[in-house]
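Engineer: Predicted model and sequence below, questions to follow.
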Amino acid sequence: MEQRLQLFLQMEQLTQSQFADKMGIQRSGVTHLLSGRNKPSFEFITRMLQAFPSLNAEWLILGKGKPYKNSPSTPAETQPEVAVPVVAAADLFSEPELPQPVETTETIGFDSTLQTPVNEVKEPIIKHADQPKAIKSILILYEDGTYEKR
């Protein structure tokens, strides 16, 4: 989706700052979306479709069809159906993708009369790929209560 968002900005001849201002979001948020650091939320997609009513939602979300609804032309120029490049599988020399936080919900209490959680805490949990870990330091604890860091 990052490529389609970047392509859309080019077709609309918008800078990242102009786009952020029009969408009513922080400029850093647009940068994070375009770099792939963050994935667009449902709210972001909804805002984008409301701010740009001629934008084809199926193209934006799935990459299918034309960028604009019922129109062979865009504000910038006539556009044929846009092919989004497919990212090739990683090879031995590619940088590995960093794991993304996964939000989980932990129930603190439970209201038995309503059968609903009373209080919830959301904590990001990062799932790591099976990668070898490098030792940063070693801590040696002695029986007399002293320690040594190496």
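Structural biologist: Here it is on my side, so go on.

Engineer: who does residue 68 bridge with?
Structural biologist: Beta-bridge pairing for residue 68 (DSSP bridges): residue 55.

Engineer: Isn't it up against residue 54?
Structural biologist: Yes: with contacts counted by CB atoms under 8 Å, residue 68 reaches residue 54, the gap being 5.0 Å. To be clear about C-beta, it is placed using only N, CA and C from the backbone, and glycine gets the same treatment.

Engineer: Between those two, point out the one with more neighbours.
Structural biologist: When residue 68 and residue 54 are compared for neighbours, residue 68 comes out ahead with 19 against 12, by other CB atoms under 10 Å.

Engineer: Distance check, the more buried one against residue 16.
Structural biologist: Residue 68 sits 21 Å away from residue 16, going by CB to CB, to the nearest Å.

Engineer: Please apply the same query to residue 61.
Structural biologist: 20 Å.

Engineer: higher neighbour count, these two?
Structural biologist: More crowded of residue 61 and residue 16, by other CB under 10 Å: residue 16, with 17 against 13.

Engineer: how about the more buried one, phi and psi?
Structural biologist: Residue 16 has phi and psi values of phi -60, psi -40 when expressed as degrees, to the nearest 10.

Engineer: Now it. Nearest residue, chain neighbours left out?
Structural biologist: residue 30 (4.8 Å; CB to CB, 6 or more residues apart in numbering).

Engineer: Which pLDDT does the model give residue 33?
Structural biologist: Looking at residue 33, its pLDDT is 86.

Engineer: oh sorry, the question was meant for residue 146
Structural biologist: Listed pLDDT for residue 146 reads 88.

Engineer: how deep is it tucked in, by neighbour count?
Structural biologist: Residue 146 has 8 nearby residues by other CB under 10 Å.

Engineer: for it, phi and psi?
Structural biologist: Torsion angles, degrees, to the nearest 10, at residue 146: phi -90, psi 170.
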